[in-house]
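Visitor: Provide a 3D model corresponding to the input given below.
(one chain, ligands or ions: 1)
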Amino acid sequence: MAPLHNPGHVRGIEVARELFTDVPHVVIFDTSFFQTMPAESYTYALPKAIAQKHAIRRYGFHGTSHQYVSREVSQVLGKPNDEVNQIVLHIGSGASVSAIKNGKAVETSMGLTPLEGLVMGTRTGDIDPAVIFHLYRAEGMSIDEIDTMFNKQSGLKGMAGENDFRQILRLIEEGSEDAQLALDVFVHRIVKYIGSYMGVLGGLPDAITFTAGVGENNAMVRDLVVGRLAGFGIKLDAAKNDVRSDEPRIISTEDSTVNILVVPTNEEVEIARQTVAKIAE
Ligand code: AMP
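Guide: Here you go, the predicted structure:
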């Protein structure tokens, strides 16, 4: 289901069980934070019997990061987590966005697998599934070939030849139109999701937060995304946006209708916390 991730994780579990025989082993699922999503969010409009038979539904990934970051946001805002409505943008080489209402995840952009949603380093994100049928019929590609193309050869890499965001920026500086278009598609998709998640949340959230490699480190992307939200009264403070820091911080202006934050994610700490809680049960 997650070809870039699961085989390595399964091997890690096998080796850990061989080597560490006298300690409890805990698995923290990257999907668990999204188990609070309502059926209307996680259900695909497929025939019910086949969806149930194969457990085909939206699960979401990066949950550990979205959970950690959303709690940090509540602390920065000084509000109880279960009173905060927020949108979290995890933008790294994998990318996902979540809508969190009163501390509970109600939507996220990844689905049955991490392929759905935002444009990523090598993954398509959202795409009309009919493209698969068309490639199969018109190009004679096998399902496995299309799977590999969508997961490993698409996204920024497919559009511009590089999956690393810094290389995309370098190519843009060198005048690459492909890299510019890749950035435009990338930003457009993020903005589209923010707009739709404000609809899901029923209004402006308390916070929109950037995290992960690109979200934490690249002021330009934050500026491009938030600049497109000006019509909602959402405004970045340019000086705050430009500060580099390892600390969670607000980068919107005082009069912005929504707080914009940068919060460095820490999936390791979140996994450790959940492991300790599990062992203490
Ligand atoms: P992650 O998957 O969270 O480790 O994020 C990796 C992505 O973050 C890669 O595309 C990197 O190019 C990108 N990244 C890391 N540092 C920077 C930076 N200073 N500016 C732009 N992108 C960055």
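
Visitor: and the pLDDT at the closest residue to Glu270 other than its chain neighbours?
Guide: Closest residue to Glu270 in three dimensions, ignoring its sequence neighbours and counting by C-beta to C-beta, 6 or more residues apart in numbering: Tyr68, at 3.9 Å. Placement of C-beta: from N, CA and C, glycine included. Here, the pLDDT recorded for Tyr68 equals 98.

Visitor: so what's the closest residue to the ligand within the stretch 51-200 of the chain up against?
Guide: Using C-beta to the nearest ligand atom, the single residue of the stretch 51-200 of the chain nearest to the ligand is Gly92, 2.3 Å away. Neighbour list for Gly92: Gly121, Ala212, Gly213, Val214, Gly215 [criterion: C-beta atoms under 8 Å, 6 or more residues apart in numbering].

Visitor: now do the residue nearest to Ala219 when sequence neighbours are not counted against Leu224, distance only.
Guide: With C-beta to C-beta, 6+ apart as the measure, Asn241 is the residue that lies nearest to Ala219, at 4.9 Å, once sequence neighbours are left out. Counting by C-beta to C-beta, to the nearest Å, the gap from Asn241 to Leu224 is 11 Å.

Visitor: avg pLDDT for stretch 141-155?
Guide: Rounded mean pLDDT across stretch 141-155 is 97.

Visitor: same deal with stretch 229-248?
Guide: Confidence over stretch 229-248 (mean pLDDT, whole number) is 97.

Visitor: could you shift the numbering so residue one becomes 15, and keep it that way?
Guide: All set: I'll call the first residue 15, so the last point we hit is now stretch 243-262.

Visitor: quick one: terminal-to-terminal distance for it?
Guide: Taking C-alpha to C-alpha, to the nearest Å, stretch 243-262 runs 22 Å from one end to the other.

Visitor: hmm, it touching the ligand?
Guide: No: applying C-beta under 6 Å from any ligand atom, one finds stretch 243-262 separated from the ligand by no less than 8.4 Å.

Visitor: who touches that stretch?
Guide: With C-beta under 8 Å, 6+ apart as the test, stretch 243-262 has contacts from 86-87, 89-90, 205, 208, 212, 218, 222, 231, 233, 236-237, 240-241, 263-267, 269-272, 274-278.

Visitor: near the ligand, which residues of the stretch 115-264 of the chain?
Guide: Selection of the stretch 115-264 of the chain residues close to the ligand by C-beta under 6 Å from any ligand atom yields Gly135, Asp178, Phe179, Arg180, Ala226, Gly227, Val228, Asn231, Asn232.

Visitor: from the contacts of Gly106, which ones fall inside helices?
Guide: Of the positions in the contacts of Gly106, Ala226, Gly227, Val228, Gly229 sit in helices, assigned by DSSP state H.

Visitor: from these, pick the one nearest Arg184.
Guide: Taking C-beta to C-beta as the measure, Val228 is the one of these closest to Arg184, at 14.2 Å.

Visitor: find the nearest non-adjacent residue to that closest one, please.
Guide: Among residues not flanking Val228 along the chain, Ile105 sits closest, at 4.4 Å (C-beta to C-beta, 6+ apart).

Visitor: quick one: pLDDT of that neighbour?
Guide: Ile105 carries a pLDDT value of 98.

Visitor: could you give the bridge partners of it?
Guide: Ala109 (DSSP bridges).
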